[in-house]
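Trainee: model the structure of this input:
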Amino acid sequence: MDGTYFDYNATTPIDPSVSHAMIEHLSLYGNPSSNHQAGRSARAAVQDAREQAAALLNCKASELHFTSGGSESNNWAVKGWLSQWKGTRPHVITSSIEHSSVLEVLHYAARECGVDVTYLPVNAEGYVCAEAVATALREETRMISIMLANNELGTIQPIREIARIARSNHIFMHTDAVQAVGKINVDVQELGVHALSFSSHKFYGPKGVDGIYLSSGYQLEPLVHGGGQESGMRSGTENVLSLIGLSEACRLARAETAETEQRLAGYKLLLEKRLKKLSPQIRINGSMDAARTLSNTMNIQIPNIRGEALAAYLDHRFGIAVSVGSACSSNQEKKLSGVLMATGLTEAEIQTSIRISMGKFTRREDLDYFIDSIEQALEHFYRLMPA
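Mentor: Numbering: from 1, shown residues only. Next up is the predicted model:
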């Protein structure tokens, strides 16, 4: 695998075992809804994927429904649950650092459906306070949606505590776990959530095949109507080949996540140490608490060097892939990260930040190359600065 790739939070390479499993089944062309042999074979493959995903998340296979992406899963959770409250003014609690597929659908729900939304702030490290969730509850609160792990900072939110608050008040609890599944152990029974979104391409599976866990006894109004696939919950002929890839990705995640997480935690500490040795001015955005952050993610700022310029130079000069914060919808002209804004960083600090995210194919020698490249990049930009 390419050792210059440090953007695993954007997407992951497909694992060779996943590719092999998909290639082996290229001839599996049947429609899973058909009753002949070809259809039954395809249906068995879909069921295997459901069972592998259920084993990964520790839930029943019947509680999993496949979608086309994490964004669809998040949209479905919000729209599908709130649809039963039409004609009222339901209240939803979320955070200010959610993925756009949660924030934008809630903006839509507020604008078009009269939904009242509370956007909880985060502290300087990027954490939501569980007590703030309890304080924000109202009689009209119908849903809480807070992500498990943040894609920019790697912060892991206190979802267990928040879910306990939700359940004790009979409120539907959804978490966007797209950035968490495959990076840490995600057990829906331990979390106590009613719904959870996940995405194959974030843990070495194919794109365009993802899902949502929905606890038994709960229903979502379908977003997609038609042939009644996915137990009538999500219509459309199943993407069998990609589901075979998802199945293998889930199997690998069960076997490898703990070891990968431990190894990357060591790499992260080493990276922090070497970056700070390289330049005392380099700062870590968010938290470095190993128990409450993803082991693969680090967000840094280098004063006086724009993140976009640094990322572009690393790409063109050394072939290294990193990213800058995703654009906030209200700040697209400046491309400021809404997540970093929420932690209280200034515009200058945000503009000099980049995200580094590693994965299971990252090796120690890749870190050496990365640090050497960063050092050369800093020398390049410092030479360009006026004396």
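Trainee: stretch 373-380: which residues count as buried?
Mentor: 373-374, 377-378 (16 or more other C-beta atoms under 10 Å). Placement of C-beta: from N, CA and C, glycine included.
Trainee: scratch that, stretch 219-239 is what I was asking about
Mentor: For stretch 219-239, using 16+ other C-beta under 10 Å, the buried residues are 220, 222-223, 229-230, 233-234, 238-239.
Trainee: mind putting those residues into CSV with distance to residue 116 and secondary structure?
Mentor: Formatted as CSV, the buried residues of stretch 219-239 follow (distance: C-beta to C-beta, whole Å; DSSP: H, G, I helix; E, B strand; the rest coil):
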residue, distance to residue 116, secondary structure
220, 20, coil
222, 24, coil
223, 22, coil
229, 34, coil
230, 31, coil
233, 27, coil
234, 28, coil
238, 37, coil
239, 37, coil
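Trainee: picking that back up, between the buried residues of stretch 373-380, which is nearest residue 302?
Mentor: residue 378 (7.1 Å; C-beta to C-beta).
Trainee: so where does that closest one fall, helix or strand?
Mentor: In this assignment (DSSP states H and E), residue 378 forms part of helix 364-384.
Trainee: if we can go back for a sec, tell me the two of the buried residues of stretch 219-239 that are most distant?
Mentor: Among the buried residues of stretch 219-239, 220 and 239 lie farthest apart (C-beta to C-beta), at 19.9 Å.
Trainee: ok, and what's touching stretch 268-287?
Mentor: For stretch 268-287, contacts defined as C-beta atoms under 8 Å, 6 or more residues apart in numbering pick out 125-127, 153-155, 288, 290, 293, 295-303, 340, 343, 345, 349, 353, 356, 358, 367, 370-371, 374-375, 378.
Trainee: whichever of the residues you listed end up buried, select them in PyMOL.
Mentor: Typed into PyMOL, the line below selects the buried ones among the contacts of stretch 268-287, using 16+ other C-beta under 10 Å:
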select buried, resi 125+126+127+153+154+155+293+295+296+297+298+299+300+301+302+340+343+345+349+353+356+358+367+370+371+374+378
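Trainee: now, the contacts of stretch 268-287 that are in strands?
Mentor: Using DSSP state E, 297-301, 353, 356 are the members of those that sit in strands.
Trainee: and the next element down the chain from the longest helix seen in the chain?
Mentor: Using DSSP state H, we find that the single longest helix of the chain is helix 240-278. Next helix or strand after helix 240-278 toward the C-terminus (DSSP H and E): strand 283-285.
Trainee: direction included, what does that next one pair up with?
Mentor: Looking at strand 283-285 with DSSP bridges, its partner strands are strand 297-301 (antiparallel).
Trainee: what's the first helix or strand after the strand it pairs with?
Mentor: helix 307-318.
Trainee: mind giving me the packing neighbours of that next one?
Mentor: strand 353-357, helix 364-384 (3 or more C-beta pairs under 8 Å, 6 or more residues apart in numbering; DSSP states H and E).
Trainee: name the nearest residue to residue 85, sequence neighbours excluded.
Mentor: Nearest residue to residue 85, sequence neighbours excluded (C-beta to C-beta, 6 or more residues apart in numbering): residue 142, at 5.6 Å.
Trainee: which helices and strands does the strand or helix carrying that neighbour pack with?
Mentor: Taking DSSP H and E as the definition, one finds residue 142 inside strand 141-145. Helices and strands touching strand 141-145, as assessed by 3+ C-beta pairs under 8 Å, 6+ apart, comprise helix 70-82, strand 91-95, helix 159-168, strand 172-176.
Trainee: in this protein, which residue is closest to the centre?
Mentor: residue 179 (2.3 Å; C-alpha atoms, centre = their mean).
Trainee: that one in helix, strand or coil?
Mentor: Secondary structure, DSSP: H, G, I helix; E, B strand; the rest coil: residue 179 is coil.
Trainee: gap between it and residue 185?
Mentor: Residue 179 sits 14 Å away from residue 185, going by C-beta to C-beta, to the nearest Å.
Trainee: ok, now residue 177?
Mentor: 11 Å.
Trainee: so between those two, which is more surrounded?
Mentor: residue 177 (29 against 16; other C-beta atoms under 10 Å).
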